[in-house]
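# Provided below are the primary sequence and the corresponding predicted coordinates.
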Amino acid sequence: MKFNELDKKMRVYETAHDHSVLPGIYIVARIDGRCFTTLTKDKHSFEAPYDPKFRDIMVETVKHLMQCGFKVLYGYTQSDEISLLLDLNENTFERKERKLNSILAGEASAKFSLLLGDIGAFDCRICQLPHRQLVIDYFRWRNEDAHRNALNAHCYWSLRKEGLSPEESAATFTKMSVIHKNEFLFQKGINFNDLPNWQKRGIGIYWESYEKDALNPITGEAVKASRNRLKVDLNLPMKNQYSNFVSAFVPEII
């Protein structure tokens, strides 16, 4: 059998189930750490419940993903998860889901592992969102999830540090209301409202323009040049204010 015939025969098994995101559909990539509790608590002993060193590794991983070949309008991270809003007209790899999933998971895993000095693996799933409001709602959802996770994590670890087992600590808060969790922390000397916003709301990464001094290559005159850079925002707003904030990054379908 000639190679061309063999290639045609076998290629179909690789590509028969290729699915591409349709034009005009918003793409949000959700990238999550695999077995990160073991990695961050058992192997590397990061500070619980939040560690600035781990935060910075995640931020640098997001920044890498926003510069690895895809046009990403907005990046968001909380805990060991990352969400990326791709440009509406992003057409790399013909918007094939398997390519987006495998490359983004691979790039995240590689960058994170290099920064950590150990193997950290991520998976990726593609969210196909048919209209603009759903994109805004998606990021609102992750922002509010960060707030819920932060409250639960501080409650849980306050008891773990007192010697309670994981099971005992988790069971204590199973049916406790948000008000009672806040009061519980207050009695432990922790005012939840005073905790850093990046713990409670997650972190946004987005492009901003700035001016820098430059020289006109023809005239040699000093001029101002406009450039873009990534901004890391550790003080995101919440609720409707966050929805309004995110909406600035979500283009209208024309």
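Thanks, I have it.

# and residue 206, how far from residue 187?
Per CB to CB, to the nearest Å, residue 206 is found 38 Å from residue 187. Heads up, the C-betas are built off the backbone N, CA and C, glycines and all.

# strands along the stretch 151-254 of the chain, start to end?
Using DSSP state E, counting those that start in this stretch, the strands of the stretch 151-254 of the chain run over 203-215, 222-233.

# tell me what angle the longest one forms with strand 222-233.
Yep, that's strand 203-215 we're talking about. If you take axes from the mean of the first three to the mean of the last three CA atoms, to 10 degrees, strand 203-215 sits at 170 degrees to strand 222-233.

# tell me how far strand 203-215 is from the chain's mean position?
What separates the centre of strand 203-215 from the centre of its chain is 21 Å, taken as CA atoms, centre = their mean, to the nearest Å.

# dump the residue contacts of residue 170.
Contacts for residue 170 (CB atoms under 8 Å, 6 or more residues apart in numbering) come out as residue 156.

# how close does it sit to residue 49?
Separation of residue 170 from residue 49 (CB to CB): 13 Å.

# which of residue 206 and residue 187 has more neighbours?
Comparing residue 206 with residue 187 by other CB atoms under 10 Å, the one with more neighbours is residue 206, at 19 against 9.

# who's the more buried one bridged to?
residue 74, residue 231 (DSSP bridges).

# which SSE is the residue most central in space within the chain in?
The chain has residue 82 as the residue nearest its centroid, 1.7 Å off, counting by CA atoms, centre = their mean. According to DSSP states H and E, residue 82 maps onto strand 81-86.

# please save the CA atoms from that strand in PDB.
Extracted in PDB, the C-alpha atoms of strand 81-86 (Å, rounded to 0.1, in the frame of the first residue of the first chain):
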ATOM      1  CA  GLU A  81      -8.200  27.500  37.900                       C
ATOM      2  CA  ILE A  82      -7.800  29.800  34.900                       C
ATOM      3  CA  SER A  83     -10.500  31.200  32.500                       C
ATOM      4  CA  LEU A  84      -9.500  32.800  29.200                       C
ATOM      5  CA  LEU A  85     -11.800  34.800  26.900                       C
ATOM      6  CA  LEU A  86     -10.600  34.500  23.300                       C
END
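
# just checking: what are the partner strands of that strand?
Next to strand 81-86 in the sheet, as set by DSSP bridges, lie strand 26-33 (antiparallel), strand 72-78 (antiparallel).

# mean pLDDT and distance to residue 162 added to the strands of the stretch 151-254 of the chain, as JSON lines?
What follows is the strands of the stretch 151-254 of the chain, written out as JSON lines (pLDDT from 0 to 100; distance: least, CB to CB, whole Å):
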{"stretch": "strand 203-215", "mean pLDDT": "89", "distance to residue 162": "29"}
{"stretch": "strand 222-233", "mean pLDDT": "88", "distance to residue 162": "34"}
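
# cheers, nothing more for now.
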